[in-house]
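1. Sequence first, then the predicted structure:
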Amino acid sequence: MRHLIPFLPRQAYVPVIRLQGAIGSGARALSDQALGGLIEKAFAKGKPAAVALVINSPGGSAVQSSLIAGRIRRLAEEKKIPVHAFVEDVAASGGYWLACAADDIWVDPSSIVGSIGVIFASFGFHDLMQRQGVERRVHTAGKSKSFADPFRPERPEDVARIHAMLGPLHQNFIAHVKAARGTRLKEDADLFNADIWIGQAAVDLGLVDGVAHLKPKLRELYGEKVRLVPFGQRRSLFQRFGLSVGDSLLASVEERALWARYGL
């Protein structure tokens, strides 16, 4: 009933969106399709004083990172609502891309931040197949159709094409960070070679704005009685009961590999 009494001060309200996990198009991953409705609702419901992002992500898809971050920025600018990001264990690679969708970024003293780079990883099985007497037979229409085939020896032209693809992706990432952080980035610092930094070191380089935790910082900004409302990604019935075992197992292995890069 409080909102019906006009002369009472309105209690500040901040939706808190949790962005937890690897970024991609899989069932377990953060994606624009999975998060789009939730993000739209967070900006539209009531009259939020701000929107907070709680980020704990080792990265993943560059495209999904860009789509999610782009949606957040569009809504923030359309509705003139400030966005604050709070990093937990890690905001690396695509996770940092998401953090840069916020107007400011806050970290724990032990948070891992950065990895502004792009990676292509695969396996090569041709020696194992040769030892086992297995012959690979490939017929294509188009000489590049068997590009980077893991069952054939690596070819120099494939390596060159991979680097030609990674370059523009890296430049897109760099442009996004520069646009978001602007003059806060430390001049002459080598920030874009995929290094990672811990807590205060990231602050000193301008990659983040300071060391702070969610509740104390939002109370400082919006008053002691600020109301924080969590917005989390819903899991399907199949995911909750573990019925998609094959997909979940593969997704878990891939995500585990991403977290392992940061000792987590």
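-> That came through, no problem.

2. Checking Ala164 next. Helix, strand or coil?
-> Following DSSP: H, G, I helix; E, B strand; the rest coil, Ala164 is assigned to helix.

3. What of Ala34?
-> Criterion first, three-state DSSP; result for Ala34: helix.

4. Now do the same for it: its pLDDT.
-> pLDDT for Ala34: 92.

5. same question, Val51
-> 97.

6. That one is in contact with Ile17, isn't it?
-> Yes - using Cβ atoms under 8 Å, Val51 makes contact with Ile17 at a distance of 6.6 Å. Quick note: C-beta positions are derived from backbone N, CA and C, even for glycine.

7. got any residues that touch both of those two?
-> Listed as contacting both Val51 and Ile17 by Cβ atoms under 8 Å, 6 or more residues apart in numbering are Ala42.

8. which residue ranges form the strands in this protein?
-> Listed in chain order, the strands of the chain (DSSP state E) span 13-20, 51-57, 83-92, 104-107, 112-114, 196-198, 210-211, 227-231.

9. What is the longest one packed up against?
-> In this case it means strand 83-92. For strand 83-92, the contact count by 3 or more Cβ pairs under 8 Å, 6 or more residues apart in numbering; DSSP states H and E identifies strand 51-57, helix 62-79, helix 94-99, strand 104-107, strand 112-114, helix 214-222 as packing neighbours.

10. partners of it in the sheet?
-> Sheet pairing of strand 83-92 (DSSP bridges) gives strand 51-57 (parallel), strand 104-107 (parallel), strand 112-114 (parallel).

11. could I get these as CSV with mean neighbour count and distance to Arg74?
-> Shown next, in CSV, are the strands paired with strand 83-92 (neighbours: other Cβ atoms under 10 Å; distance: least, Cβ to Cβ, whole Å):
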stretch, mean neighbour count, distance to Arg74
strand 51-57, 24, 12
strand 104-107, 25, 18
strand 112-114, 25, 24
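
12. Using JSON lines, please lay out these together with distance to Ala175.
-> Shown next, in JSON lines, are these (distance: least, Cβ to Cβ, whole Å):
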{"stretch": "strand 51-57", "distance to Ala175": "20"}
{"stretch": "strand 104-107", "distance to Ala175": "18"}
{"stretch": "strand 112-114", "distance to Ala175": "16"}
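
13. Go through stretch 170-190 and flag the buried ones.
-> By neighbour count on 16 or more other Cβ atoms under 10 Å, the buried set for stretch 170-190 is His170, Asn172, Phe173, His176, Val177, Ala180, Arg181, Leu185.

14. Point out where the stretch 51-200 of the chain drops to low pLDDT.
-> Across the stretch 51-200 of the chain, the ranges flagged by pLDDT under 70 are 120-129, 144-149, 151, 158, 162.

15. if we can go back for a sec, looking at the helices and strands packed on strand 83-92, which is buried most?
-> helix 94-99 (a mean of 28; mean count of other Cβ atoms under 10 Å).

16. in the protein, which residue is closest to the centre?
-> Geometric centre of the chain, nearest residue: Gly95, 2.8 Å, by Cα atoms, centre = their mean.

17. okay but that residue is in contact with Ile55, surely?
-> Yes - Gly95 is in contact with Ile55 according to Cβ under 8 Å; the separation is 5.8 Å.

18. Now for these two: what residues contact both?
-> Common neighbours of Gly95 and Ile55 (Cβ under 8 Å, 6+ apart) are Leu19, Val87.
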